[in-house]
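**Student:** attaching a predicted model along with its sequence, questions to come.
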Amino acid sequence: MPGHAVEIRGLRKVYAAQGAEPPKVALDGLDLAIPEGSIFGLLGPNGAGKSTTINILAGLTVKSAGSVRIWGFDQDANPRQSRAAIGVVPQELNIDPFFSPRAALEVQAGLYGVPKRLRRTDEILARVGLADKADAYARQLSGGMKRRFLIAKALVHNPPVLVLDEPTAGVDIELRRMLWDYVRELNGQGATIILTTHYLEEAEAMCDRIGIINHGRLIAEEATPDLIARMDRKALVITPAAPVAALPPAPEGVEAELRPDGRLAFAYHRSRMPADAVLDAVRAAGISIRDVATEEPHLEDVFVELTTSRPAA
Ligand code: ADP
């Protein structure tokens, strides 16, 4: 038992210059440790380095520097074992239309060198709910079935670590819930799951830990509830009827700020306090309110906050 399903240290990836394009630093010393047994969400804005990270884990992209251990196996020292320990479900629904799911899984098992007697093709198809489609043409599968088929394909060599790249991009709500249930089930059976997603809701619902990457570095890595606690901060911005010289006393847990434009901003956790309590405190301080606006946090804001609070390297 390695403790960490994946351990990434000082990972760097510099894409070579292309024509007039200078070299691009995609990963800039990424450190990431993913606890065994977790459902780990890898988040970040576009261009942050998520795909590069996943492609390096999958062995599809060669890193420039740093170390990667998968299930305790160093990618450089034990390339075969580390590759065998991970299954990657790609984002695109690329499926050979003429193979049946059963035939395609057999081919995949062959690629991974799984001996015939150890293959579990029918068991895996049953596990993803495709037993009755085992001999159908792949092109006859619905979008949801294709996704489940790609998960099956990633499970052929029985990897303890499963990576899902944007598993529910462009998927309707019903199928999304079904995939969530399925991923939880795999996790319940012992798989460590890493998923990238653009949907905050998905990360909240699925992941017990979340790592946020920005500019090729890890800028936050926390248990999901802790991260959400940061994100449910909301601000009430009050324009007083008359200029206010000093901040009124704010209720406990509220951060007050007198802005240069004379407005008063009160940041609070909406899960812990109703907006009323904030307004009451302002009125109690004898301030009459001309206007109130709210500022909702976005994941983007959290990125900015985290990035700017990080000491410059
Ligand atoms: P994400 O998946 O978080 O959107 P990527 O890993 O795809 O981020 O990209 C990280 C950075 O590396 C981006 O600036 C992107 O433009 C650049 N990049 C990605 N792939 C290549 C490539 N093959 N060649 C050059 N630059 C690339």
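**Tutor:** Looks like it came in fine.

**Student:** mind listing what's buried in stretch 41-59?
**Tutor:** Across stretch 41-59, burial judged by 16 or more other Cβ atoms under 10 Å covers 41-45, 48-58. For every residue, glycine as well, the C-beta is placed using N, CA and C.

**Student:** near the ligand, from those residues?
**Tutor:** 44, 48-52 (Cβ under 6 Å from any ligand atom).

**Student:** in strands only, show me these.
**Tutor:** Counting by DSSP state E, no part of those is found in strands.

**Student:** show me where the chain dips below the pLDDT cut-off.
**Tutor:** Within the chain, the segments meeting pLDDT under 70 span 1-2, 229-231, 297-313.

**Student:** stretch 209-222 vs the ligand: in contact?
**Tutor:** No: using Cβ under 6 Å from any ligand atom, stretch 209-222 stays clear of the ligand, with a minimum separation of 6.6 Å.

**Student:** what's that stretch in contact with?
**Tutor:** 12-13, 25-32, 34-35, 38-45, 48-50, 52-53, 203, 223-224, 227, 302-303, 306-307, 310 (Cβ atoms under 8 Å, 6 or more residues apart in numbering).

**Student:** now do the end-to-end distance for that stretch.
**Tutor:** With Cα to Cα, to the nearest Å as the measure, stretch 209-222 spans 6 Å from end to end.

**Student:** ditto for stretch 112-125
**Tutor:** 17 Å.

**Student:** other residues contacting it?
**Tutor:** 84, 101-102, 105-106, 109, 131, 133-134, 152, 155-158.

**Student:** now that stretch: buried residues?
**Tutor:** 114, 119, 121, 124-125.

**Student:** how is this structure divided into domains?
**Tutor:** Domain assignment for the chain by automatic domain parsing gives 4-228, 233-296.

**Student:** start and end of the first one, how far apart?
**Tutor:** Going back to what we said before, that points to domain 4-228. End-to-end for domain 4-228, by Cα to Cα: 23 Å.

**Student:** roughly how far is it from the heart of the chain?
**Tutor:** Distance of domain 4-228 from its chain centroid, counting by Cα atoms, centre = their mean, to the nearest Å, is 11 Å.

**Student:** picking that back up, tabulate the buried residues of stretch 112-125 (a markdown table), appending secondary structure and distance to V292.
**Tutor:** Listed next are the buried residues of stretch 112-125 as a markdown table, based on DSSP: H, G, I helix; E, B strand; the rest coil; distance: Cβ to Cβ, whole Å:
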| residue | secondary structure | distance to V292 |
| --- | --- | --- |
| V114 | coil | 63 |
| R119 | coil | 64 |
| T121 | helix | 62 |
| I124 | helix | 56 |
| L125 | helix | 57 |
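
**Student:** which among the contacts of stretch 112-125 count as buried?
**Tutor:** Going by neighbour count (16+ other Cβ under 10 Å), the contacts of stretch 112-125 have 84, 101-102, 105-106, 109, 133, 152, 155-158 buried.

**Student:** what subset of these is also close to the ligand?
**Tutor:** Of those, not one also sits near the ligand (Cβ under 6 Å from any ligand atom).

**Student:** inside helices: which ones of the buried residues of stretch 41-59?
**Tutor:** Among the buried residues of stretch 41-59, the members found in helices (DSSP state H) are 50-57.
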